[in-house]
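Trainee: would you be able to build a 3D model of this:
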Amino acid sequence: MKVTTRFNPKLFELMRGYSRERFIKDVGAGLTVSVVALPLAMAFAIASGLPPQSGLFTAIIAGFLISLFSGSRVQIGGPAGAFIVIVYGIVEQYGVGGLLLATFMSGVMLWLMGFLRMGVLIKFIPVSVIIGFTNGIAVLIALSQIKDFFGLQIEGKVPAEFFALVKTLWQALPTWNGAALAVSLLSLAIIVIWQAVMKRKVLLPDEAGLLPRVSGSLALIPGSIVALVAATLLVAVLQWDVDTIGSRFGGIPQGLPEFTVPAFGWAEMKGLFLPAMTLAVLGAIESLLCARVADSMIRDKHDSNQELLAQGFANMVVPFFGGMPATGTIARTVTNIKNGGNSPVAGMIHALALLLVVLVAAPLAQYIPLPALSAILMFVAWNMGEWREFVRLRTFRMPYRISLLLVFVLTVVVDLTVAVEVGIFFACFIFIYRISSLTTAERFALPQEMLATDGVAAYKLTGAIFFGAVKLIDDMLADMPAKALVLDFSSVIYIDSSGEESLEELLEAYHEKNIPILVYGLRQQPWDLLQRTGWLKRLGQENVLQHAGELENRLAALD
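Mentor: You can find the predicted model right below:
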């Protein structure tokens, strides 16, 4: 099969006829998105076990590249909350160097997905699997923020494994810091109240719940920034003893990131293959889901394969500058749309604005209290989860319930990679079972007016004859007619190689007894397969009929 691809970023299409008015709108939207992205980028990096500048550099570099090569008009790329759990686990087990290599490998995988035009395949991942791991990730994000939210004193790194994490947090609970808890609760209250006060009708929910709700100048200020500024001023004025970016990380370097080459090695790449694959699949799901949300808002259609190419290229570049995995982000994309962004230029402006902040105002970041960032992530986790789905479970069938709950529990307790693998395997197993149950071989009586029907058995085959439904021929083998077997294929939509082998077994058994098999109603795909494998030739062309009307003459010829 010839593989073809088309490299056609939306930016190149939209530049034709691009006007000054559109540029002004894109600049305004890009600046607004940068305000939303600033605290999230730092918070996601810190929660992942990385310094805050890793998130900022990722938002700058990946955000620019994703917009430059994107298959969507308005998608904004950068670090995402969904990656926190995976990135933290990789850093704990393989170190930062391992994360850089895994990010690069995931970028290659994403690029190959786009090159091989696999963007459409992501849509086939079951909804139950997506909801299960999304809710599981939300729970893990909230658990990971308890340390900073309560100001717990924990020596060394917090373990990533669920039971060890819960045990560590429980043992450290007596060390909680009243000032840190006050800052966390204040920040969380500001975000919630700001959203309530600024309430307005929103067409679609966002992943972080941090979007402005009213028109006017206040709508340009997200609640996360208000909470961050208020918490920083409160801690500075009252001199409260809480951890800040400066006390834990020494602040954010004022300047461009250093060029870093990940340590490539076969042993390292082999060990990181599954984590990198998880990053790639999750990134593809997140980015294409985000693009679909954007399409519904702007009445446009994105190019899923081009989007994967853009995501892949961005993730291949950011590791060389100490970045973390990036993908399309729903909160920032919706913010971009609601503030007038109408081309990839807005996303590029957002990245350049963040770069300007790093170059000019980086020293101010050292005063940001970590409890405020943890409060932002707690709110992100709450809005990220689709908690209503647990209530709605009783309206679904048992396989759906088991699949969703299984993925959720495995994500929280075991590992996201295992959860997705088991969830997809279980969903595929259920799908095969259901499709196989729809594949039937029903015996029917030939018309009474038709002569020469004594000793003839007739079956109507329905559905797909594939590896999950090969036992449907058992009745035909167990109860052979004396004169002939008639098979109506008019309702068979698909036959695979396993199905053809079963039909071959049936044909051989009947040939041994010198009992002919007559078939009619073959559709295009079944006919093509049976013709290529020689089954129709072995059956005999005289036994391949076009329709049921030819049966009487053929049966009469057998007498």
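Trainee: any idea which strand is longest in the chain?
Mentor: Using DSSP state E, we find that the single longest strand of the chain is strand 484-495.
Trainee: direction included, what does that one pair up with?
Mentor: Using DSSP bridges, strand 484-495 pairs in its sheet with strand 456-465 (parallel), strand 517-520 (parallel).
Trainee: what's the offset of the longest one from the middle of its chain?
Mentor: The reference is to strand 456-465. With C-alpha atoms, centre = their mean, to the nearest Å as the basis, strand 456-465 stands 40 Å off its chain's centre.
Trainee: same question, stretch 479-487
Mentor: With C-alpha atoms, centre = their mean, you get 50 Å for stretch 479-487.
Trainee: using CSV, write out every CA atom in the longest strand of the chain.
Mentor: Provided in CSV are the C-alpha atoms of strand 484-495 (Å, rounded to 0.1, in the frame of the first residue of the first chain):
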residue,chain,number,x,y,z
ALA,A,484,-26.9,-30.0,-1.1
LEU,A,485,-26.2,-27.1,1.2
VAL,A,486,-27.5,-23.7,0.2
LEU,A,487,-25.8,-20.6,1.7
ASP,A,488,-27.4,-17.1,1.4
PHE,A,489,-24.5,-14.6,1.7
SER,A,490,-26.7,-11.5,1.0
SER,A,491,-26.4,-10.3,4.6
VAL,A,492,-22.7,-11.0,5.1
ILE,A,493,-20.8,-7.7,5.1
TYR,A,494,-17.3,-8.9,5.8
ILE,A,495,-15.1,-12.0,5.8
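Trainee: geometric centre of this structure: which residue is closest?
Mentor: Ile285 (2.1 Å; C-alpha atoms, centre = their mean).
Trainee: contacts only, for the closest residue to it other than its chain neighbours.
Mentor: Counting by C-beta to C-beta, 6 or more residues apart in numbering, Ile122 is the residue found nearest to Ile285 once chain neighbours are left out, at 5.7 Å. Where you see a C-beta, it was placed from the backbone N, CA and C, and this is true even at glycine. The contact partners of Ile122, taken as C-beta atoms under 8 Å, 6 or more residues apart in numbering, are Val281, Ala284, Ile285, Leu288, Ser304.
Trainee: which of the residues you listed lies closest to Gln75?
Mentor: Each of these was scored against Gln75 by C-beta to C-beta, and Leu288 proved nearest at 9.8 Å.
Trainee: which SSE is that closest one in?
Mentor: Assessed by DSSP states H and E, Leu288 sits inside helix 273-298.
Trainee: which positions in that helix come out as buried?
Mentor: 275-291, 293-295 (16 or more other C-beta atoms under 10 Å).
Trainee: any stretches of this protein with poor pLDDT?
Mentor: 1-6, 198-221, 449, 451-452, 470, 559 (pLDDT under 70).
Trainee: and the strands in it?
Mentor: According to DSSP E, the strands that the chain contains are 77-78, 327-328, 440-444, 456-465, 484-495, 517-520, 544-545.
Trainee: can you lay out those as CSV showing distance to Pro174 and mean neighbour count?
Mentor: Formatted as CSV, these follow (distance: least, C-beta to C-beta, whole Å; neighbours: other C-beta atoms under 10 Å):
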stretch, distance to Pro174, mean neighbour count
strand 77-78, 37, 34
strand 327-328, 39, 30
strand 440-444, 65, 13
strand 456-465, 61, 20
strand 484-495, 63, 20
strand 517-520, 77, 20
strand 544-545, 81, 18
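Trainee: between those strands, which one is closest to Arg538.
Mentor: Using C-beta to C-beta, those put strand 517-520 closest to Arg538, at 10.0 Å.
Trainee: quick one: contacts of the closest one?
Mentor: With C-beta under 8 Å, 6+ apart, strand 517-520 has contacts from 484-490, 506-507, 510, 539, 543-548, 550-551, 554-555.
Trainee: what's stretch 264-278 in contact with?
Mentor: With contact meaning C-beta under 8 Å, 6+ apart, stretch 264-278 is reached by 86, 89-90, 94, 98, 101-103, 105-106, 109, 416-417, 420.
Trainee: from those residues, pick the one nearest Ala365.
Mentor: Of the contacts of stretch 264-278, the one sitting nearest to Ala365 (C-beta to C-beta) turns out to be Thr103, at 23.3 Å.
Trainee: can you lay out the strands paired with strand 484-495 as a markdown table showing distance to Phe150?
Mentor: Below are those laid out as a markdown table (distance: least, C-beta to C-beta, whole Å):
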| stretch | distance to Phe150 |
| --- | --- |
| strand 456-465 | 56 |
| strand 517-520 | 72 |
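Trainee: ok, Leu152 - contacts?
Mentor: If you count contacts by C-beta under 8 Å, 6+ apart, then Leu152 has Ile146, Leu169, Ala172, Leu173, Thr175, Trp176, Asn177 around it.
Trainee: if you rank those residues by neighbours, which is first?
Mentor: Counting neighbours by other C-beta atoms under 10 Å, Ile146 leads these with 21 neighbours.
Trainee: ok, that one to Pro79 distance?
Mentor: 21 Å (C-beta to C-beta, to the nearest Å).
Trainee: and for Arg292?
Mentor: In terms of C-beta to C-beta, Arg292 sits 21 Å off from Pro79.
Trainee: before we move on, what about Gly63?
Mentor: Counting by C-beta to C-beta, the gap from Gly63 to Pro79 is 9 Å.
Trainee: repeat for Glu512
Mentor: Distance from Glu512 to Pro79, by C-beta to C-beta: 66 Å.
Trainee: more crowded one of the two?
Mentor: Pro79 (33 against 9).
Trainee: ok, the closest residue to Leu477 other than its chain neighbours - how many residues close by?
Mentor: Distance criterion C-beta to C-beta, 6+ apart; nearest residue to Leu477, sequence neighbours excluded, is Ala509 at 5.7 Å. A count of neighbours around Ala509, defined by other C-beta under 10 Å, yields 15.
Trainee: Ala509 touches Ala478, doesn't it?
Mentor: No. With contact defined as C-beta atoms under 8 Å, Ala509 does not count as touching Ala478 (10.3 Å).
Trainee: returning to what we had before: can you give me the angle the longest strand of the chain makes with strand 440-444?
Mentor: 150 degrees (axes from the mean of the first three to the mean of the last three C-alpha atoms, to 10 degrees).
Trainee: next one: strand 484-495 to chain centre, how far?
Mentor: From the chain centre to the centre of strand 484-495 is a distance of 39 Å (C-alpha atoms, centre = their mean).
Trainee: tell me how far the residue nearest to Ile430 when sequence neighbours are not counted lies from Val414.
Mentor: Distances taken as C-beta to C-beta, 6+ apart place Pro399 nearest to Ile430, at 4.4 Å, with adjacent residues excluded. Here Pro399 is placed at a distance of 21 Å from Val414 (C-beta to C-beta).
Trainee: so for the two, which sits in the more crowded spot?
Mentor: For Pro399 versus Val414, neighbours defined as other C-beta under 10 Å are more numerous around Pro399 (17 against 14).
Trainee: can you name the residues bridging to the residue lying closest to Ser491 once chain neighbours are set aside?
Mentor: Among residues not flanking Ser491 along the chain, Thr462 sits closest, at 4.2 Å (C-beta to C-beta, 6+ apart). Counting by DSSP bridges, Thr462 forms beta bridges with Thr440, Ser491.
Trainee: will you turn the contacts of stretch 264-278 into JSON lines that also has neighbour count and distance to Gln153?
Mentor: Converted to JSON lines, the contacts of stretch 264-278 look like this (neighbours: other C-beta atoms under 10 Å; distance: C-beta to C-beta, whole Å):
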{"residue": "Ile86", "neighbour count": "26", "distance to Gln153": "27"}
{"residue": "Gly89", "neighbour count": "22", "distance to Gln153": "23"}
{"residue": "Ile90", "neighbour count": "28", "distance to Gln153": "26"}
{"residue": "Tyr94", "neighbour count": "17", "distance to Gln153": "27"}
{"residue": "Gly98", "neighbour count": "20", "distance to Gln153": "28"}
{"residue": "Leu101", "neighbour count": "24", "distance to Gln153": "33"}
{"residue": "Ala102", "neighbour count": "31", "distance to Gln153": "31"}
{"residue": "Thr103", "neighbour count": "32", "distance to Gln153": "32"}
{"residue": "Met105", "neighbour count": "24", "distance to Gln153": "36"}
{"residue": "Ser106", "neighbour count": "31", "distance to Gln153": "35"}
{"residue": "Met109", "neighbour count": "22", "distance to Gln153": "40"}
{"residue": "Leu416", "neighbour count": "25", "distance to Gln153": "29"}
{"residue": "Thr417", "neighbour count": "20", "distance to Gln153": "32"}
{"residue": "Val420", "neighbour count": "23", "distance to Gln153": "35"}
